[in-house]
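*Asks:* with the sequence up front, the predicted model follows.
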Amino acid sequence: MAGALEGKGPVVEQVLRATATWFPAPRGRLDPKDLPASMQHLAGTFVHTGRATGCMWLDYSPESVMRLDDYIAEHWPERPKKNTFESMIPTMGAYLGEVLARQTGACWVKDKNGYGLELRGSTAYPMTKVGKRFEMVWSTASAISTAK
């Protein structure tokens, strides 16, 4: 992971240094029975890293989703190459999902489309939403905070 992101800016390098030494290595597979705890752990990793590096303060509030969007816009170029951001999608997506889960009571699920949040028969995929935000052409509307 570090090789793909080296030289991408001081904030990204700080995040890498912090996560490399402070948090356990990610598990190869998430156990569906432990999915909520696993997603909380991933989201917590992102929150604690942001605080430790001083680059972002996240508090699981709906307003913090805009800070996440601003962070992506500020620290990655308009059309980043996949290897410069793909390792960040699981933790950022877990954070976005945890905000949604705490605000709505949605439950984490794993299905053929990936990890998502299910509420009243509908499923939202926060990792996909974060990935789309990285890949979108720059515009004033954000893919994360704009419902589609």
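*Replies:* Cool, got the structure. Residues are numbered from 1 along each chain as shown.

*Asks:* SS state for residue 108?
*Replies:* strand (DSSP: H, G, I helix; E, B strand; the rest coil).

*Asks:* residue contacts, it?
*Replies:* 35, 36, 39, 97, 101, 115, 116, 117, 118 (Cβ atoms under 8 Å, 6 or more residues apart in numbering). For every residue, glycine as well, the C-beta is placed using N, CA and C.

*Asks:* ok, the residue lying closest to the first one once chain neighbours are set aside to residue 128 distance?
*Replies:* Counting by Cβ to Cβ, 6 or more residues apart in numbering, residue 108 is the residue found nearest to residue 35 once chain neighbours are left out, at 4.4 Å. Going from residue 108 to residue 128 by Cβ to Cβ, to the nearest Å gives 14 Å.

*Asks:* pLDDT of the helix or strand hosting residue 100, averaged?
*Replies:* Using DSSP states H and E, residue 100 maps to helix 89-104. Mean pLDDT, helix 89-104: 94.

*Asks:* low-confidence ranges, this protein, go.
*Replies:* 1-32, 76-82, 84, 136-148 (pLDDT under 70).

*Asks:* helices or strands next to the longest helix along it in the packing?
*Replies:* Secondary structure of the chain per DSSP state H: the longest helix is helix 35-53. Packing contacts for helix 35-53, counted by 3 or more Cβ pairs under 8 Å, 6 or more residues apart in numbering; DSSP states H and E, involve helix 10-22, helix 89-104, strand 107-111.

*Asks:* nice, that's everything, thank you.
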